[in-house]
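Asker: Any chance you could fold what I've pasted below:
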Amino acid sequence: MAKVIMIQGTMSNVGKSILTAGLCRIFMQDGYRAAPFKSQNMALNSFITEEGLEMGRAQVMQAEAAGIRPRVCMNPILLKPTSQTGSQVIVNGEVVGNMSAQEYFAYKKQLLPRIREAFEELAPCTDIIVIEGAGSPAEINLRDNDIVNMGMAQLVNAPVILVGDIDRGGVFAQLLGTLMLLSEEERKRVKGLVINKFRGDKGILDPGIEMLQKRAGIPVAGVVPYMDLSLDDEDSLSSRFDKKERAGIDLAVIRYPRISNFTDFHVFETIPGVSVRYVASAGELGHPDMIFLPGSKNTMGDLKWMRQNGLEAAVRHLVRAVPIWGICGGYQMLGQKITDPEAVEEGGAMRGMELLPVCTVLHKDKTRARTRGVIGPLQGIFAKLSGMPFQGYEIHMGRAYAAGSESVWDAPVADGCEGWVLGTYVHGIFDRGEIAVRLVRELALRKGLKWEDTGIPDYAGFKETQYDRLAAALREHLNMEEIYGWLEEACI
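Answerer: As a prediction, this is how the structure comes out:
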């Protein structure tokens, strides 16, 4: 069986996902077969595996860091929030149904055998499994039937590294307070503490570290600096959403409350002279060079939100002046009408933005598929994309129909409004770079910019450099000898 180590945090967004990826990379570099595992993930960024199963995007990123293909057994349970109190529950890559928080809390104990089965499927082909927790192990109201933090650690007898985020303040209270709320047995599992996202002079921090170690009785295994890396984020806590700078080519992504798969736009961040801004109000939108409507876990609810806060009107006002591209839920919003006869989301029907000649009917059956093909004939500013090969994946509830008929719209890309509006169900359509670069080139020509075309970005290669940078930083700032020791004799 594989040896295991677990990363838990004092709260959400302390850097568990990134540290898990970094350790996977280090172990891979050191010659071991490493793999990530997260029993339960709550996120709206998801991915479709080669087998057509859905899993969290963070575990895909971690598998890439480990140099292996993503498998759904690395993330057996995925929760995709649909409202403030409910989520779509996905088990082993397939939808079980929508549940309220209370319903899921009562149901999740039935999932323990499924978690064990997934872990046991992964373990035989792996030397080291790096397990990621969720939120905080000190959520005392959730301790019963815990399946993702100390409950998971106990299930597989994993040593735990507890991570705190100094960038958000109060890191000593975070770490000590978390330890105080653990049971004695749980505290014994915590072998080391890590302070993450440090900025400044570490010498000033050292006295605090010494006092922390004395009070906790647990060594500090490292102080990791704040790192400016471009890796796929787990959820909507992404720091990307805070970036408002504008470059020569200004791309605006609508940030609705239930935005999903915003990883679709990460490749644009690697293209010189391009900025990606996430906007949540009409005032923030301005007059960008292009607008993207991304995926949504509640298309009807997020379109209502756009309608109520003025963003729909602001986007429509820019039609024929600014190109607009919708993906998945954003594609559905751009159509003539959305109908929900089975109450998958809101129920009933609502008018779309009426910018594409399609209508959407939502169904309970989810489409999950890898897809590839060639873009058909397009108009206007998108014309140069005609005939380009693409590949990606689809994750959506419902189907698109040609407006005014019962014919399924089977083209991968739909256009309208005289070539200014485009829609597709295909996530990852920009990841290979060719389409993204050609699109930016056309935007630059239209704007009259002398844009230096540096060629097609090797996005996969770029991510490899990011994983190597992450691993190098962790080697420098973590006590890897101690960490290997906590893995007992697995790596000797």
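Asker: Beyond the helix or strand where residue 28 lies, next helix or strand please.
Answerer: Taking DSSP states H and E as the definition, residue 28 sits inside helix 16-29. As assigned by DSSP H and E, the chain's next helix or strand after helix 16-29 is strand 34-37.
Asker: Give the partner strands of that following strand in its sheet and their orientations.
Answerer: Under the criterion DSSP bridges, strand 34-37 sits next to strand 128-132 (parallel) in its sheet.
Asker: got the CA positions of the partner strand in PDB?
Answerer: Output in PDB follows, covering the C-alpha atoms of strand 128-132 (Å, rounded to 0.1, in the frame of the first residue of the first chain):
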ATOM      1  CA  ILE A 128       2.900   8.200  -1.900                       C
ATOM      2  CA  ILE A 129      -0.600   9.700  -1.700                       C
ATOM      3  CA  VAL A 130      -0.900  13.400  -0.700                       C
ATOM      4  CA  ILE A 131      -4.400  13.900   0.800                       C
ATOM      5  CA  GLU A 132      -6.000  17.300   0.900                       C
END
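Asker: For it, which outside residues touch it?
Answerer: With contacts defined as CB atoms under 8 Å, 6 or more residues apart in numbering, strand 128-132 is touched by 2-7, 16-17, 20, 23-24, 27, 32-39, 58-59, 62, 119, 122-123, 152-153, 156, 158, 487, 490-491. C-beta coordinates here come from the backbone N, C-alpha and C atoms, glycine included.
Asker: Just give the closest residue to residue 29, not the sequence neighbours.
Answerer: In this structure, residue 29 finds its nearest non-sequential neighbour in residue 471, 6.2 Å apart by CB to CB, 6 or more residues apart in numbering.
Asker: Tell me the secondary structure at that neighbour.
Answerer: helix (DSSP: H, G, I helix; E, B strand; the rest coil).
Asker: Any idea what residue 296 is bridged to?
Answerer: residue 259.
Asker: you'd agree it is up against residue 262?
Answerer: No. The pair residue 296 / residue 262 is not scored as a contact, 10.5 Å apart, by CB atoms under 8 Å.
Asker: So for the two, which sits in the more crowded spot?
Answerer: Using other CB atoms under 10 Å as the criterion, residue 296 and residue 262 rank with residue 296 on top: 29 against 25.
Asker: now the more buried one: how far from residue 128?
Answerer: Remark: distance between residue 296 and residue 128 (CB to CB, to the nearest Å) = 37 Å.
Asker: same check, this time on residue 421
Answerer: Residue 421 sits 48 Å away from residue 128 when distances are taken as CB to CB.
Asker: ditto for residue 320
Answerer: For residue 320, the distance to residue 128 - CB to CB - is 55 Å.
Asker: same check, this time on residue 454
Answerer: In terms of CB to CB, residue 454 sits 38 Å off from residue 128.
Asker: same thing with residue 145?
Answerer: In terms of CB to CB, residue 145 sits 27 Å off from residue 128.
Asker: can you pull the contacts of residue 399?
Answerer: 360-361, 363, 367, 408-409.
Asker: ok, how many other residues are close to the closest residue to residue 189 other than its chain neighbours?
Answerer: If the residues on either side of it in the chain are set aside, residue 189 comes closest to residue 160, at 4.7 Å by CB to CB, 6+ apart. By other CB under 10 Å, the residues close to residue 160 number 25.
Asker: What of the one 4 residues further on?
Answerer: Here the count is done by other CB under 10 Å, and residue 164 has 27 residues near it.
Asker: who touches whichever strand or helix holds it?
Answerer: Here residue 164 sits within strand 160-165, counting by DSSP H and E. Defining contact as CB under 8 Å, 6+ apart, one finds that strand 160-165 is touched by 5-11, 13-16, 19, 133, 137, 150, 153, 171-172, 174-175, 178-179, 189-197, 218, 221, 483, 486.
Asker: what lines up beside that strand in the sheet?
Answerer: strand 3-9 (parallel), strand 190-198 (parallel).
Asker: on that earlier part again, could you pull up the contacting residues of the residue nearest to residue 29?
Answerer: Contacts of residue 471 by CB under 8 Å, 6+ apart are 22, 25-26, 29, 65.
Asker: before we move on, what about residue 47?
Answerer: Residue 47 touches 54-57, 60, 70, 393, counting by CB under 8 Å, 6+ apart.
Asker: How much space separates it from residue 179?
Answerer: 34 Å.
Asker: Adjacent strands (with direction) for the helix or strand residue 292 falls within?
Answerer: Assigned by DSSP H and E, residue 292 belongs to strand 290-293. Strand 290-293 has the following sheet partners, assigned by DSSP bridges: strand 249-254 (parallel), strand 324-327 (parallel).
Asker: Quick one: distance of that strand to the chain centre.
Answerer: The chain centroid and the centroid of strand 290-293 are separated by 19 Å under CA atoms, centre = their mean, to the nearest Å.
Asker: Least confident secondary structure element in the protein?
Answerer: strand 413-416 (a mean of 81; mean pLDDT, DSSP states H and E).
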